[in-house]
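>>> Provided below are the primary sequence and the corresponding predicted coordinates.
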Amino acid sequence: MVEGLLVCPVSRLPLTQTSIEDARSALGGESVRVASGSPPNVAAPEEALLRSDNLALYPIVHGVPILIAPEMIAVTGSAAPVNTSRDPYREAYEEMDFYSNWAERETEDIQSSTAFQNVRRAVEAGGFLKPGWLDATYDAAAQADAYARMAPIEGKCVIQVGGKGTHAVKFLIGGASEAWLVTPVLGEALFARALAASFGVEQNFKAVVAIAEELPFLDASFDRVYTGGCLHHTITSRAIPEIARILRVGGRFGAVEPWRAPLYGIGTRVFGKREVGVNCRPIDARRALPLFEAFYDAAVLHHGAVTRYPFLALSKLGVHPGLDFMHKITRLDDRLSSVVSPLRRSGSSVALVATK
Ligand SMILES: C[S@@+](CC[C@H](N)C(=O)[O-])C[C@H]1O[C@@H](n2cnc3c(N)ncnc32)[C@H](O)[C@@H]1O
């Protein structure tokens with residue numbers, strides 16, 4: 001059973017898991033998928049989550065609840081159509097195929113995937129935050145800050161927002177009692193579940209398809225929220241308050257994101273964007289503001305002011321430095337740029353950390 005802390009992402013009404021036939025007959029008369037603007041992104045559901053007012057259901061596909069508003073099936077006339085080419089769904093729908101195809105390929109040979117290698121390094125490192133836990137080559141210092149905010153992790157209920165679930169699985173390895181992944185991409189959810197199974201932690205892992213701007217969870221459901229490279233794909237003025245809402249008091253948030261540093265525009269014109277084929281809008285001061293409105297204790301910690309862009313440019317030219325080398329460079333960069341504080345604050349890799 002997946003119900004419990006799950007709610008309708010739009011109305012926040014409770015949901016009950018049932019067969020698709022029972023859910024459809026509970027709706028009574030005619031019902032329609034509320035999305036307009038795109039075909040269904042999922043296969044035929046086997047089960048459903050029925051909303052407590054009996055006016056809507058959400059499909060469960062391959063065991064994963066699809067709790068994204070456009071995929072709601074509602075009694076005709078009871079819900080306004082939702083256009084998937086409009087915010088906050090647009091980007092998620094535009095990129096679904098891209099990330100699903102990637103996830104399908106990686107799931108075929110999961111042990112060769114980078115995600116698998118990264119989790120294995122954490123397993124081999126021993127306890128949470130031992131050397132070997134960091135895996136973000138160009139953003140290791142920001143990841144160290146964000147992971148540190150997750151500590152202590154033992155016995156905590158954790159959720160990763162966006163991505164392929166590597167961090168959620170790592171947090172289980174590190175001692176979390178329960179870990180969730182919420183992603184708009186079903187393929188990523190299935191990949192994450194397979195990854196959890198590869199490390200024998202699937203019993204405590206759950207995945208849900210949804211967007212950060214409309215999280216389908218009761219208030220105060222989690223002790224930790226982590227996101228790596230996904231917050232900048234969201235409308236932060238909606239996603240950050242949602243993240244704060246689902247955290248318990250004393251709960252912690254950590255994110256690793258690109259920051260729109262002064263040379264970003266020139267760099268992307270010369271070398272192209274880092275993420276090819278998908279939208280990428282680095283966070284800036286305006287988009288970070290909701291963090292300070294939603295949390296009493298929040299900070300944006302900058303890294304990589306001097307070296308990150310040159311190394312990213314080199315990677316475009318086929319030069320890929322190793323993890324350990326980049327970690328040393330980033331630390332050196334931090335020390336040098338801290339001497340001149342405005343320089344440090346222009347670092348293009350940031351950790352967003354906060355406590356509720
Ligand atoms: C460039 S990838 C980052 C992947 C990430 N580094 C990871 O841990 O797998 C961007 C990710 O943003 C996520 N995403 C896009 N729009 C989102 C939204 N509205 N809410 C939550 N996640 C979103 C997708 O899951 C996608 O994998």
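Now that the structure is in, tell me what you want to look at.
>>> where does this protein dip in pLDDT?
1-3, 37-43, 264, 266-278 (pLDDT under 70).
>>> got the residues of it near the ligand?
91-92, 99, 161-164, 166, 183-185, 188, 211-213, 228-230, 233-234, 275 (C-beta under 6 Å from any ligand atom). Glycine gets a C-beta too; all of them are placed from N, C-alpha and C.
>>> which of those count as buried?
Taking 16 or more other C-beta atoms under 10 Å as the criterion, what is buried in the residues of the chain next to the ligand is 91-92, 99, 161-164, 166, 183-185, 188, 211-213, 228-230, 233-234.
>>> Let's see which of those residues end up in strands.
With DSSP state E as the criterion, strands contain 161, 183, 228 from among these.
>>> quick check, nearest of the residues you listed to Asn118?
Using C-beta to C-beta, Gly228 comes nearest to Asn118 of those, at 10.7 Å.
>>> who touches that closest one in this structure?
136, 143, 146, 160, 162-163, 166-167, 255-256 (C-beta atoms under 8 Å, 6 or more residues apart in numbering).
>>> could I get those as JSON lines with distance to Val82?
Below are the contacts of Gly228 laid out as JSON lines (distance: C-beta to C-beta, whole Å):
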{"residue": "Ala136", "distance to Val82": "34"}
{"residue": "Gln143", "distance to Val82": "35"}
{"residue": "Ala146", "distance to Val82": "32"}
{"residue": "Gln160", "distance to Val82": "25"}
{"residue": "Gly162", "distance to Val82": "20"}
{"residue": "Gly163", "distance to Val82": "24"}
{"residue": "Thr166", "distance to Val82": "30"}
{"residue": "His167", "distance to Val82": "29"}
{"residue": "Ala255", "distance to Val82": "27"}
{"residue": "Val256", "distance to Val82": "30"}
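>>> Relative to Ser31, which of those is nearest.
Distances from Ser31 to the contacts of Gly228, taken by C-beta to C-beta, are shortest for Gly162, at 29.7 Å.
>>> From the centroid of this protein, which residue is nearest?
Centroid-nearest residue in the chain: Gly162, 1.8 Å away (criterion: C-alpha atoms, centre = their mean).
>>> Pretty sure Ala298 sits against Leu352.
Yes: using C-beta atoms under 8 Å, Ala298 makes contact with Leu352 at a distance of 7.4 Å.
>>> if I look at the two, which residues touch both of them?
The contact lists of Ala298 and Leu352 share Leu291, where a contact means C-beta under 8 Å, 6+ apart.
>>> These two - which one has more neighbours?
Leu352 (28 against 19; other C-beta atoms under 10 Å).
>>> what bridges to the more buried one?
Counting by DSSP bridges, Leu352 is bridged to Ala255, Val300.
>>> so who does it touch?
146, 231, 253-255, 257, 283, 288, 291, 298-300.
>>> ok, and the closest non-adjacent residue to the residue nearest to the centre of the chain?
Nearest residue to Gly162, sequence neighbours excluded (C-beta to C-beta, 6 or more residues apart in numbering): Cys230, at 2.7 Å.
>>> what do you get for Leu15?
Leu49 (3.9 Å).
>>> shouldn't that neighbour be in contact with Val64?
No: at 11.1 Å, Leu49 does not count as touching Val64 under the criterion of C-beta under 8 Å.
>>> So which of these two has more stuff around it?
Comparing Leu49 with Val64 by other C-beta under 10 Å, the one with more neighbours is Leu49, at 26 against 23.
>>> Quickly note the distance from that one to Val182.
Distance of Leu49 to Val182, computed by C-beta to C-beta, to the nearest Å: 15 Å.
>>> How about Gly162?
When Gly162 is compared with Val182 (using C-beta to C-beta), they lie 7 Å apart.
>>> Ala210 now?
For Ala210, the distance to Val182 - C-beta to C-beta - is 5 Å.
>>> which neighbours do the two share?
Contacts common to Ala210 and Val182, judged by C-beta under 8 Å, 6+ apart, are Pro216.
>>> what separates the longest helix along the chain from the chain centre, distance-wise?
Secondary structure assigned by DSSP state H gives helix 90-108 as the longest helix of the chain. Distance of helix 90-108 from the chain centroid (C-alpha atoms, centre = their mean, to the nearest Å) equals 14 Å.
>>> again with stretch 77-92
20 Å.
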